[in-house]
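sequence? don't have it. structure:
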C-alpha cells in the first residue's frame, strides 16, 4: 500500500505538467519546454517564498514567472514564426541557465540550496494518506480542464485549432490567440508541479525536474490526449518510479542506474505506444 | 552588383547578424545586472580570448568538437531529422574511444585508430537507433533521441566512476590514453592540437558528400520535400536512419578527438554543453557545411569568454548558456529574415 501512496505523490507533478501540455497538444502545437517550465517554476516559487516569507505568494510568483517564460516562447513561436521545437529547446536551455546564474547571484552557490525558513508543505492524511494539498489541486485542475476543453466554447475552439485551423479562421477567430493561451496555461500548471517538487523538499537541487517534463510529454501521448487518460498514464509512471525507488533499497543497484530508469521506462513506453498506434492503423 | 556585395547582402538577409547582435546585447545587460564590476566582466568576456596565445589557442581548440557536432546536425537537419541526443552521443563516443584505446595500447597508433572508429560507430548506432524507431513505428525521433541520450549519460557516469575508474588519481576519470595516440600540439602553450586540421578536412568531406554525391542529393530532397521524394521513387525510409546515424557518428568522432587532443582521459561529465552547442552551431550556420567553422568559433568564443570572466570576475559560466538560449530563440524566426517580407509581399500581390 505504501508504494501506491508514494506513487500517487510522485505522479502529481507529472499530472500537473501533462495537464498544461494537453492544452498545447490539443491546440496543435507540441510544447517541448514543459521540462524548462517545471524547472523555472520550481526555482522561482521556492526563492520567492524565501524572500516574501509566504509559501502561497511564492507559488503565485513562481506561476507568473513560468507563465512569462511560456508567453515569451509562444510569442516567438507564433508571432515571430520561429521553429516550434527550437524555440522550445531555447526555453529549456534558458530555464536551466537562469536557475544556475540566479542561484549563484542570490546564494553564491551553484549546487543544492536549502531553505530552512520556508515552511514545509503540510501532509494531509485524509482522504488519501501521505498527500499534500497539491494532489487535490492537481485532481481539481484535471476536472476543470476537462470541462473547459470539452464543454466551453473556448475549449471547443482550442481543439478546433489543432484539428482544422482553416475552419477556425473562417469563423473569424485567430488560431494564434488559442495557441498562446494554451502555452500560458501550460506555464501555470508546470509551475505548480515544479513548486511541489521544491516545497516538498524545502530546498532547490540543480536539475530537480530530472526529465519530468519529457515524461509528461510521453504521458500526453500515452493518455491518448484525454484528461482521464492522463490520470491513468501518470499513475503508471508514478508506480514505475516508486518501484525503482523500492528496488534501490532492496537490491542495492547503483544510484546512476536508478536515475536512468525513468528515462528508459519513458522510452519503452513511447515505443510501445507508437507500435500500438501503428498496428491499429494497419488493422484498419 | 559585384559578387562581394551580394555575399554581404546574403548574410544580412539571413538575419543572423541581428540575432548575434541581440544575443551580445543580452550579455551586456546581464553583466550590468549580475556583476559588481560590469565593465571588467565585459572586457574579459569579449576580449579575454584574444589577450594571449594561451587563451586564443584554447578557444580555437574548444571549437573542434563543435565543428564535428555542427556538421552532423547539419546533415540530420537538412534531411529533416531532429537529433537531440548530442550530449549522450559525444559522451559515449568519447568514453568508448578512451577505454578501447587504453585496452589496445600495445598496438600503438593503429590501436588508436580502431578505438576512434569504435567510439564513432557506437555513437552512430545510438543516433541511428532513434532513426530506426522513426522508420519502423514512426516514433518521434526528437523525443527518443533525447531520452536515450539522458539514460546513456547516466550509464556512462556509472561506468566511469565504477568499473573503469583510474585508481591512481583522485579525479573521477578513466585511465589516460597512451602517449602515441595523443594529437600533437600546434600552438603551445595552448592545447590547440592537430584535431583542427581534421575538423577542416571533415568540413570539406561533408560539403562534397552533401552537394556532390547522389546520397547527399537524396538526403537534401527528403528534407526539402518528403512528398516529392516519395513520388520521385527515393528510399525515404533509408533517409531516416542514415542521417541520424551520421549525426551520431560525428558527435562520437568529435568526442573521441577531444579525448586524443585535449583531455587524454574521459572525465565524468566533461561533455556537458558539447551536444547543445553542436546543435546551436548547426542552426547559426543554417545547416551549410561551409558556414560551420565560423559558427563553431563564435560559440567557442562565447564559451571561453564566459570561462575567463568567471575566473577573473563574479559571474558564472552559465551566462554562456543564456546567450545560447537567446540564439536558439531567435535564429529560426522568419521575421528577421529579409525574404520573409518579400514572400509576404508576393503573397499579397497574388
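Arrived safely. Note that the structure is a prediction, hence the values are computed from the model and not measured.

shouldn't residue A:257 be in contact with residue B:154?
Yes: with contact defined as Cβ atoms under 8 Å, residue A:257 reaches residue B:154; the gap is 7.3 Å. Yep, even glycine has a C-beta here, placed from its N, CA and C like the rest.

Give me the more crowded residue out of these two.
Neighbour totals were compared for residue A:257 and residue B:154, and residue B:154 leads with 21 against 18 (other Cβ atoms under 10 Å in any protein chain shown).

any idea how far the helix or strand hosting residue B:158 is from the chain center?
Element membership for residue B:158 (DSSP states H and E) is helix B:141-161. Centroid displacement of helix B:141-161 relative to its chain, using Cα atoms, centre = their mean, to the nearest Å, is 17 Å.

can you check stretch A:256-275 too?
For stretch A:256-275 - counting by Cα atoms, centre = their mean - the centre lies 17 Å from the chain centre.

which residues touch that stretch?
A:210-211, A:214-215, A:218, A:221-222, A:236-237, A:240-241, A:244-245, A:247-248, B:133, B:137-140, B:143-144, B:147-148, B:150-151, B:154-155, B:157-158, B:161 (Cβ atoms under 8 Å, 6 or more residues apart in numbering or on different chains).

Need the buried ones from these selected in ChimeraX.
Remark: buried members of the contacts of stretch A:256-275, expressed as a ChimeraX selection using 16 or more other Cβ atoms under 10 Å in any protein chain shown:
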select /A:210,211,214,215,218,221,222,236,237,240,241,244,245,248 /B:133,137,139,140,143,144,147,148,150,151,154,155,157,158,161
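
so where is chain B shaky, pLDDT-wise?
B:1-5, B:338-350 (pLDDT under 70).

how many other residues sit next to the closest residue to chain B within the stretch 101-250 of chain A?
Residue nearest to chain B within the stretch 101-250 of chain A (Cβ to the nearest Cβ): residue A:104, separated by 4.5 Å. Residues lying near residue A:104 (other Cβ under 10 Å) number 20.

host element of residue 92?
Because you didn't say which chain, this covers chain A. Element membership for residue A:92, per DSSP H and E: helix A:84-107.

let's do chain B instead
Going by DSSP H and E, residue B:92 is in helix B:86-103.

That helix: which residues count as buried?
Neighbour count says helix B:86-103 has B:86-102 buried, by 16+ other Cβ under 10 Å.

So which residue is dead centre in chain B?
residue B:278 (2.0 Å; Cα atoms, centre = their mean).

I'd like the next helix or strand past the helix or strand containing it.
Using DSSP H and E, residue B:278 sits within helix B:274-284. As assigned by DSSP H and E, the chain's next helix or strand after helix B:274-284 is helix B:289-312.

just the angle between that following helix and helix A:84-107, please?
Orientation check (axes from the mean of the first three to the mean of the last three Cα atoms, to 10 degrees): helix B:289-312 against helix A:84-107 gives 10 degrees.

Please name every helix or strand in contact with helix B:289-312.
helix B:38-47, helix B:53-78, helix B:195-212, helix B:274-284, helix B:319-331 (3 or more Cβ pairs under 8 Å, 6 or more residues apart in numbering or on different chains; DSSP states H and E).

how far off helix B:53-78 does that helix point, in degrees?
Orientation of helix B:289-312 against helix B:53-78 (the same axes, to 10 degrees) gives an angle of 140 degrees.

buried sites along helix B:289-312?
B:289, B:291-293, B:295-310.

Can you give me the buried ones in the top helix by length along chain A?
In chain A, with assignment by DSSP state H, the single longest helix is helix A:255-283. Neighbour counts using 16+ other Cβ under 10 Å place A:256-267, A:269-271, A:273-274 of helix A:255-283 among the buried residues.

distance of residue B:63 from chain A?
From residue B:63 across to chain A, the span is 19 Å (Cβ to the nearest Cβ, to the nearest Å).

That residue reaches residue B:295, doesn't it?
No: using Cβ under 8 Å as the test, residue B:63 is too far from residue B:295 to be in contact (9.2 Å).

For the stretch 1-150 of chain A, just list every one of the strands.
A:113-114 (DSSP state E, counting those that start in this stretch).

which bits of it sit near chain B?
By Cβ under 8 Å from any Cβ of the partner chain, the residues of the stretch 1-150 of chain A that approach chain B are A:32, A:72-73, A:76, A:79-83, A:85-87, A:89-91, A:93-94, A:96-98, A:100-101, A:104-105, A:110.

what about 6 Å?
Within the stretch 1-150 of chain A, the positions adjacent to chain B are A:76, A:80-83, A:86-87, A:89-90, A:93-94, A:97, A:100-101, A:104-105 by Cβ under 6 Å from any Cβ of the partner chain.

count of neighbours near residue B:212?
So residue B:212, with other Cβ under 10 Å, has 9 neighbours.

follow-up on the earlier one: am I right that the residue nearest to the centre of chain B is in contact with residue B:70?
Yes: with contact defined as Cβ atoms under 6 Å, residue B:278 counts as touching residue B:70 (5.3 Å).

Establish whether stretch B:10-19 and chain A are in contact.
No: counting by Cβ under 6 Å from any Cβ, chain A has no neighbours in stretch B:10-19; the shortest distance is 10.7 Å.

what's that stretch in contact with?
For stretch B:10-19, contacts defined as Cβ atoms under 6 Å, 6 or more residues apart in numbering or on different chains pick out B:330, B:331, B:336, B:337, B:338.

Let's have those in JSON lines, adding neighbour count and distance to chain A.
Below are the contacts of stretch B:10-19 laid out as JSON lines (neighbours: other Cβ atoms under 10 Å in any protein chain shown; distance: Cβ to the nearest Cβ, whole Å):
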{"residue": "B:330", "neighbour count": "23", "distance to chain A": "7"}
{"residue": "B:331", "neighbour count": "23", "distance to chain A": "7"}
{"residue": "B:336", "neighbour count": "20", "distance to chain A": "8"}
{"residue": "B:337", "neighbour count": "18", "distance to chain A": "9"}
{"residue": "B:338", "neighbour count": "13", "distance to chain A": "14"}
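
As JSON lines, these with distance to residue B:228 would be great.
As requested, the contacts of stretch B:10-19 are exported to JSON lines (distance: Cβ to Cβ, whole Å):
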{"residue": "B:330", "distance to residue B:228": "30"}
{"residue": "B:331", "distance to residue B:228": "26"}
{"residue": "B:336", "distance to residue B:228": "28"}
{"residue": "B:337", "distance to residue B:228": "23"}
{"residue": "B:338", "distance to residue B:228": "26"}
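
quick one: contacts for residue B:267?
residue B:173.

Distance of it relative to chain A?
Taken as Cβ to the nearest Cβ, the span from residue B:267 to chain A is 15 Å.

got it, and residue B:179?
According to Cβ to the nearest Cβ, residue B:179 stands 31 Å off from chain A.

can you list the residues of chain B near chain A?
B:34, B:137, B:139, B:147, B:150-151, B:154-155, B:157-158, B:316, B:318, B:321-322, B:324-325, B:328-329, B:332-335.

Give me the neighbour count for the residue lying closest to residue A:73 once chain neighbours are set aside.
Of all residues not flanking residue A:73 in the chain, residue A:91 sits nearest, at 4.5 Å (Cβ to Cβ, 6 or more residues apart in numbering or on different chains). Neighbourhood size, residue A:91 [other Cβ under 10 Å]: 31.
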